[in-house]
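> Any chance you could fold what I've pasted below:
(one chain, ligands or ions: 1)
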Amino acid sequence: MSVAARPLPPAILSEEHERDPYATYRMLRDDYPVHHDESTDIWLVSRMADLRALFKRKDVTSENYEFQIGQFHGRTLIEMEGKEHTAHRRLLSPFLHSGGLEDFVPRIRIAARDVLAPVVRREAAKVSGDLAGTIAREGQEAAAAGAEPRFDLVAEFTAIYPITVTREMLGVPAEMHDIVVRWYESIADAISNLEGAEEPYERGMRTREELREYFMPLIAERRGSGGKDLVSLVADADVGGTRLTDEEICAFISLVIVAGGETTDSAIASLFKLLLENPEQLEAVRADRSLVLDAFAEQLRYAPPVHMVLRIAAADVEVAGTTIPKGAKIGLVLAAANRDENKFADPDRFDIFRADNDTDRAFRASADHISFADGRHFCVGNSLAREEVEIAVGEILDALPGPPRFAADFEPGETGIWFRAPQRLDLSYDAAAA
Ligand code: HEM
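Residues are numbered from 1 along each chain as shown. Next up is the predicted model:
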């Protein structure tokens with residue numbers, strides 16, 4: 001059959017694609033390695049080798065972030081190039097690289113325990129019948145004694161924990177938690193608003209203002225204070241011989257809140273979903289915690305939190321025999337490249353033991369998967385994400401008295417075409433093991 005006779009892949013903004021994006025990606029890789037998607041006016045590129053090459057080209061820029069996120073955050077490192085980009089990227093080093101990250105790890109663990117503890121206590125009380133005590137302690141509604149333990153890992157853990165870690169890093173007090181979550185959700189919704197709907201756009205713009213109203217006085221207070229939180233460090237940092245303006249610092253904070261939130265949140269939820277769907281692999285991880293990072297590396301390949309990143313063609317760009325015109329938006333489909341048959345054996349199989357997705361390299365630009373992207377903007381937060389996920393998975397498995405399973409009648413699923421993740425994950429566990 002000639003290529004022309006092959007069916008066209010569904011539009012990115014179609015229900016068919018949302019239901020099963022991996023079917024679209026297979027069609028793209030097999031027959032349309034460079035494909036103009038009419039619904040978004042984006043040129044989709046889906047094969048691993050093509051993505052690796054594109055990420056390294058100088059005439060393929062990240063200017064897209066100016067309209068995609070710059071209007072909500074302000075100008076940040078993700079849309080910068082050259083020396084300016086390097087100087088801004090370095091601002092995160094005190095928390096994201098070896099020494100600084102090691103010092104921060106105990107606070108990450110405390111954050112995981114603090115979020116998890118009330119949920120576990122409430123569920124244990126539900127099973128044991130200690131309802132009055134639980135209600136008094138947690139102010140929570142508990143179900144009838146002896147009921148099946150049941151909680152939504154997304155609402156009660158993954159949506160809260162990474163934001164708690166970011167808040168700790170910024171030195172923002174716990175009473176601000178709900179507000180920071182609201183900011184993060186509003187900006188994340190505005191960024192993933194591919195359809196250009198009005199409501200998420202306006203909410204994103206209002207959040208930009210609110211965030212500045214809160215942080216501007218805080219920056220003034222912390223400048224010169226010698227504080228060790230990220231706001232103090234960035235306020236006093238020397239960036240190419242000068243200090244950042246308050247506006248630049250607010251943009252930076254806004255980026256950090258969103259970049260480290262939704263991604264890690266999705267990763268933990270997806271990882272549990274995949275392990276529960278593959279019980280023998282779950283058992284292996286429960287028995288040997290050194291496998292948590294193998295599981296995370298494979299989750300990143302198999303179900304990445306970020307399905308696609310954009311770039312702009314600064315000149316005509318030829319890929320796999322097709323010319324993408326100057327000025328066009330290029331969609332580098334990370335989730336498609338992660339299932340490239342030329343790179344991974346049996347790519348649609350989730351397998352934490354696979355030999356072709358090396359865990360030692362999974363958190364470096366030389367990773368086999370491409371979920372942290374590649375090139376200049378390779379995810380600067382990958383080591384923090386690794387610590388957060390490893391700690392969270394260990395803490396959850398330790399806290400539950402028995403092996404986790406999906407709660408009765410719960411059908412796991414996932415949604416999203418830009419960021420993709422389970423929207424809820426109702427879990428239970430074998431209470432008899434308690
Ligand atoms: C599993 C978790 C994560 C995933 C899958 C992920 C994914 C990504 C991807 C794909 C990019 C590249 C964007 C592009 O090239 O257009 C990126 C960049 C970035 N990520 Fe992450 N990320 C994660 C966690 C984090 C965390 C915890 C932080 C913490 C601050 C973070 C901060 C950033 C920043 C600041 C950038 C921009 C880097 C630059 O422009 O040089 N990420 N991330």
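> residues in contact with the residue sitting nearest the centre point of the chain?
In the chain, the C-alpha closest to the average C-alpha coordinate belongs to Thr263, at a distance of 0.7 Å (Cα atoms, centre = their mean). Residues near Thr263 by Cβ atoms under 8 Å, 6 or more residues apart in numbering: Pro162, Pro305, Val306, Cys379, Gly381, Ala385, Phe419. No exception for glycine: its C-beta is placed from N, CA and C like everyone else's.
> now do 10 Å
When contacts are counted by Cβ atoms under 10 Å, 6 or more residues apart in numbering, Thr263 touches 162, 188, 304-306, 371-372, 379, 381-382, 385, 388, 419, 421.
> So which of those residues belong to strands?
Among the contacts of Thr263, the subset assigned to strands under DSSP state E is empty.
> out of those, who's near the ligand?
Pro305, Val306, Ser371, Phe372, Cys379, Gly381, Ala385 (Cβ under 6 Å from any ligand atom).
> Including pLDDT and neighbour count, could these go into TSV?
Shown next, in TSV, are the ones next to the ligand among the contacts of Thr263 (pLDDT from 0 to 100; neighbours: other Cβ atoms under 10 Å):
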residue	pLDDT	neighbour count
Pro305	96	24
Val306	96	20
Ser371	98	25
Phe372	97	23
Cys379	95	19
Gly381	93	18
Ala385	95	25
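> Turn these into JSON lines, including distance to Pro10.
Below are the ones next to the ligand among the contacts of Thr263 laid out as JSON lines (distance: Cβ to Cβ, whole Å):
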{"residue": "Pro305", "distance to Pro10": "22"}
{"residue": "Val306", "distance to Pro10": "20"}
{"residue": "Ser371", "distance to Pro10": "23"}
{"residue": "Phe372", "distance to Pro10": "27"}
{"residue": "Cys379", "distance to Pro10": "29"}
{"residue": "Gly381", "distance to Pro10": "32"}
{"residue": "Ala385", "distance to Pro10": "31"}
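> Among these, which one sits closest to the ligand?
For these, the residue nearest the ligand by Cβ to the nearest ligand atom is Gly381; the value is 2.1 Å.
> what's the closest non-adjacent residue to that closest one?
Leaving aside its sequence neighbours, Gly381 sits nearest to Gly260 (Cβ to Cβ, 6 or more residues apart in numbering; 5.3 Å).
> Can you tell me which residues in the stretch 1-150 of the chain are near the ligand?
Proximity of the stretch 1-150 of the chain to the ligand, by Cβ under 6 Å from any ligand atom, involves residues Ser62, Leu77, Ile78, Arg89.
> before we move on, what about the stretch 201-350 of the chain?
For the stretch 201-350 of the chain, the contact set with the ligand under Cβ under 6 Å from any ligand atom comprises Leu255, Val256, Ala259, Gly260, Thr263, Thr264, Ala267, Pro305, Val306, Val309.
> so of those residues, which ones are in strands?
When DSSP E is applied, those are split such that Val309 fall in strands.
> Out of the residues of the stretch 201-350 of the chain next to the ligand, show me where the pLDDT dips lowest.
Among those, Gly260 carries the weakest pLDDT, at 86.
> ok, back up a step: widest-spaced pair of the contacts of Thr263?
Spatially, the most separated pair among those is Ala188 and Asn382, at 19.0 Å (Cβ to Cβ).
> ok, the two, which is more surrounded?
Neighbours per residue, other Cβ atoms under 10 Å: of Ala188 and Asn382, the larger number sits with Ala188, 23 against 20.
> Might you report the residue contacts of the more buried one?
Taking Cβ under 10 Å, 6+ apart, we find Ala188 in contact with 69, 72, 200, 204, 257-259, 261-263, 265, 418-419.
> Please produce TSV containing the residues you listed, extended by distance to Ala11.
Converted to TSV, these look like this (distance: Cβ to Cβ, whole Å):
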residue	distance to Ala11
Ile69	23
Phe72	25
Pro200	20
Gly204	24
Ile257	32
Val258	26
Ala259	28
Gly261	29
Glu262	24
Thr263	25
Asp265	27
Trp418	14
Phe419	19
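> OK, now which residue of the stretch 1-150 of the chain is nearest to the ligand?
Nearest residue of the stretch 1-150 of the chain to the ligand: Ile78, at 3.8 Å (Cβ to the nearest ligand atom).
> Surely that residue is in contact with Glu84?
No - using Cβ atoms under 10 Å, Ile78 is not in contact with Glu84; the gap is 11.9 Å.
> So for the two, which residue has more residues nearby?
The neighbour comparison of Ile78 against Glu84 (other Cβ under 10 Å) goes to Ile78, with 22 against 13.
> And for the more buried one, nearest residue in space, chain neighbours not counted?
Nearest to Ile78 is Tyr65, by Cβ to Cβ, 6+ apart, at 4.9 Å.
> now swap in Gly224 and tell me
Ranked by Cβ to Cβ, 6+ apart and with sequence neighbours excluded, the top spatial neighbour of Gly224 is Asp236, at 6.5 Å.
> what do you get for Ala251?
Nearest non-adjacent residue to Ala251, counting by Cβ to Cβ, 6+ apart: Gly74, 2.9 Å away.
> Can you verify my assumption that that neighbour contacts Glu209?
No - under the criterion of Cβ under 10 Å, Gly74 makes no contact with Glu209, lying 11.3 Å away.
> So between these two, which is more surrounded?
For Gly74 versus Glu209, neighbours defined as other Cβ under 10 Å are more numerous around Gly74 (19 against 9).
> Return the member of the ones next to the ligand among the contacts of Thr263 nearest to Thr166.
Nearest member of the ones next to the ligand among the contacts of Thr263 to Thr166, counting by Cβ to Cβ, is Gly381, at 9.7 Å.
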